[in-house]
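Participant: just need the structure, nothing else, for what follows:
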Amino acid sequence: MKLKIRETIIQEEKLSYAKDGAKVPENAVDCAAGYNPFGTPPESVAVFKDLSPSAIFDYPHGDFLQEAILKYWSPFAKLTKKNLLLTDGSMPGLTLVNAAFSVPGAAALASAPQFSDYTSNAAFMNITYKPVYLKAEENYKFDADDLLAAIDGQLSLIYLDNPNNPTGQTIPAGDLRRILDKAREHNVCVLSDEAYGDFVEESASAISLLDEYENLIVLRTFSKGFGMAGLRAGYLLAGEELAQAINKLHNPYAVSQPSRMAAAASLSNPGFLQECRAAFGRGKAALKAATGNKMHMAHTFETCSICLLYHDDPEFDLEAALMERGILTYSGANFDGLGINSVRLRIPHENEWDRMIAAVKELNG
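Facilitator: Below is the predicted model:
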């Protein structure tokens, strides 16, 4: 029987490091999954102590989370609820955007490597993926000029990880403006995926540009910085016309009521993020100091929780070598433009820094 399913779904392989039911080997240090090893704000945990049964059996209602998000970003942009869609983490936001822009002949430009699930989803939606690769000889540093040279009227979307996943680097505000300006000249939309954005000061978010650019979409999640990966809560922000068009494809009951309550509570404690940023900054600095011979850290932002490590030997299986030393990471083979000699590493809890650094020092020679 030949089912009438989209051919690309059958033909394309899914490139993803996310695995349902993935387990951390006993006594291993988890430096792979992107959750926050420092936990969740206490205000969010307190929500579950006296949770009403209605938060479970009823559909999610109320706009208190939307109001909390708008208040949180009010110093940086003039937004209303018509600019905002709640999503179950950031991944559903990516699929919503791809679905909205999957017109015949659609093409998406992206800086690679980047979040590999986006690449796969674009292909499944019949969107041609056009990568602009970061260069190993430049330590994988983002070059806006390379991306700008590839922008033309054939594109529908430009996808940017900001901070980048897997390198953890950010795009300077000036470069982001240049990209938005040229994209607007060609009627192209820019999607800024800020899944790791909570590890950077709020003023650096593309959200501050939403008042100026009607061709900008920003995605955020509570999974990373606020430590709620298990609750699946996030949101999409865009100009009113664009957000309301995407909303026609959206589930009105996205984000459960308990998740909405916990997410809203987390926004009342920005100090939690500041403490986490400082801790990740210390851990990343200590890790970088352990590299420099055979091992290297790609260009990154100092307080972002993730980074890209790579070995000089292109045939060296770095993920396996680290796993032999009890350090769990994600292989670069899971990302377009990288190989087995690289890994994405998420800085663990400070209690486990010594083991992480000792393993990298040994491999660095």
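Participant: please count neighbours and contacts with C-alpha atoms only from this point.
Facilitator: OK.
Participant: correct me, but Leu322 touches Leu328?
Facilitator: Yes - under the criterion of CA atoms under 8 Å, Leu322 makes contact with Leu328 at 6.8 Å.
Participant: beyond the helix or strand of the chain with the lowest mean pLDDT, next helix or strand please.
Facilitator: Scoring the helices and strands of the chain by mean pLDDT, DSSP states H and E places helix 7-11 at the bottom, with a mean of 74. Sequence order places strand 29-30 as the next helix or strand after helix 7-11, per DSSP states H and E.
Participant: on that earlier part again, who's more crowded, Leu322 and Leu328?
Facilitator: With neighbours defined as other CA atoms under 10 Å, Leu322 and Leu328 compare such that Leu328 has more, 25 against 18.
Participant: quick one, strands of the stretch 101-250 of the chain?
Facilitator: Residue ranges of the strands in the stretch 101-250 of the chain, as given by DSSP state E, counting those that start in this stretch, are 107-112, 128-133, 157-161, 189-193, 216-221, 234-238.
Participant: any chance of these in JSON lines, with distance to Leu363, mean neighbour count and mean pLDDT too?
Facilitator: Output for the strands of the stretch 101-250 of the chain, formatted as JSON lines (distance: least, CA to CA, whole Å; neighbours: other CA atoms under 10 Å; pLDDT from 0 to 100):
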{"stretch": "strand 107-112", "distance to Leu363": "26", "mean neighbour count": "24", "mean pLDDT": "96"}
{"stretch": "strand 128-133", "distance to Leu363": "26", "mean neighbour count": "19", "mean pLDDT": "96"}
{"stretch": "strand 157-161", "distance to Leu363": "29", "mean neighbour count": "25", "mean pLDDT": "97"}
{"stretch": "strand 189-193", "distance to Leu363": "33", "mean neighbour count": "25", "mean pLDDT": "97"}
{"stretch": "strand 216-221", "distance to Leu363": "34", "mean neighbour count": "26", "mean pLDDT": "98"}
{"stretch": "strand 234-238", "distance to Leu363": "38", "mean neighbour count": "25", "mean pLDDT": "98"}
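Participant: Glu67 is nearest to which of those strands?
Facilitator: Nearest to Glu67, of all the strands of the stretch 101-250 of the chain, is strand 234-238, at 12.3 Å by CA to CA.
Participant: still on that earlier bit, packing partners for the least confident helix or strand of the chain?
Facilitator: helix 116-124 (3 or more CA pairs under 8 Å, 6 or more residues apart in numbering; DSSP states H and E).
Participant: distance from the helix it packs on to the middle of the chain?
Facilitator: Centroid separation between helix 116-124 and its chain, computed with CA atoms, centre = their mean, to the nearest Å, is 14 Å.
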